[in-house]
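Participant: Quick check, what structure comes out for this input:
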Amino acid sequence: MRATARMAVLALMAGLAAPLAADARSLRDVRAVDDGLTVVAIGNAIRKTCPQIEARRLRAMGYMRGLADLARQAGFSEEEIRAHVEDRAEKARVKAAAAAYLAAQGAKEGDVPGHCAAGRAEIERNSQVGRLLRVN
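Facilitator: Numbers count the residues shown, from 1 in each chain. Here you go, the predicted structure:
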């Protein structure tokens with residue numbers, strides 16, 4: 001994992017260690033993981049809608065591995081993590097959260113210019129979403 005991605009994962013882990021200590025019944029209850037999945041969904045929506053923006057695939061894979069590590073630290077098994085990520089209702093919930101975030105940024109579903117503008121703004125701000133994307 002590159003140093004920047006490693007630092008982002010470590011910062012996420014350090015800043016959100018308290019929620020991991022709580023007895024989470026579902027991965028949805030582990031805020032760091034849930035927020036991280038939403039970050040990935042936002043980036044995915046941007047790259048799928050805006051033809052000028054693509055994913056930083058290795059960085060995104062490292063970020064996802066970091067989320068899985070956080071889930072394991074919270075006491076979830078590989079099977080539980082996989083089941084959560086593949087659950088249709090959870091996918092729909094996270095996708096809706098990503099769509100709501102993008103709409104608040106002025107990017108309605110299917111709005112190519114809006115998604116491109118949102119993606120460029122995320123990249124420029126060097127947000128977690130922006131670090132998973134690049135202009136091609």
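
Participant: Helix, strand or coil: sort out residue 25 for me.
Facilitator: coil (DSSP: H, G, I helix; E, B strand; the rest coil).

Participant: what number of residues lie near it?
Facilitator: Using other Cβ atoms under 10 Å, residue 25 is surrounded by 8 other residues. In this view, the C-beta of every residue, glycine as well, is placed from N, C-alpha and C.

Participant: Surely residue 72 is in contact with residue 80?
Facilitator: No. In this structure, residue 72 is not within contact of residue 80 by Cβ atoms under 8 Å, at 9.5 Å.

Participant: what touches both of these two?
Facilitator: Contact criterion Cβ atoms under 8 Å, 6 or more residues apart in numbering; no residue bridges residue 72 and residue 80 by contacting each.

Participant: biggest helix in this structure by residues?
Facilitator: Ranked by residue count and defined by DSSP state H, the top helix of the chain is helix 31-49.

Participant: Are there helices or strands packed against that helix, and which ones?
Facilitator: Where contact means 3 or more Cβ pairs under 8 Å, 6 or more residues apart in numbering; DSSP states H and E, helix 31-49 is packed against helix 3-15, helix 17-21, strand 53-55, helix 57-73, helix 88-104, helix 112-125, helix 128-131, strand 133-135.

Participant: And residue 103, how close does it get to residue 39?
Facilitator: Counting by Cβ to Cβ, to the nearest Å, the gap from residue 103 to residue 39 is 16 Å.

Participant: which of the two has more neighbours?
Facilitator: residue 39 (24 against 14).

Participant: on that earlier part again, can you check which of the helices and strands packed on helix 31-49 gets nearest to residue 46?
Facilitator: Comparison of the helices and strands packed on helix 31-49 against residue 46 by Cβ to Cβ identifies helix 112-125 as nearest, at 4.0 Å.
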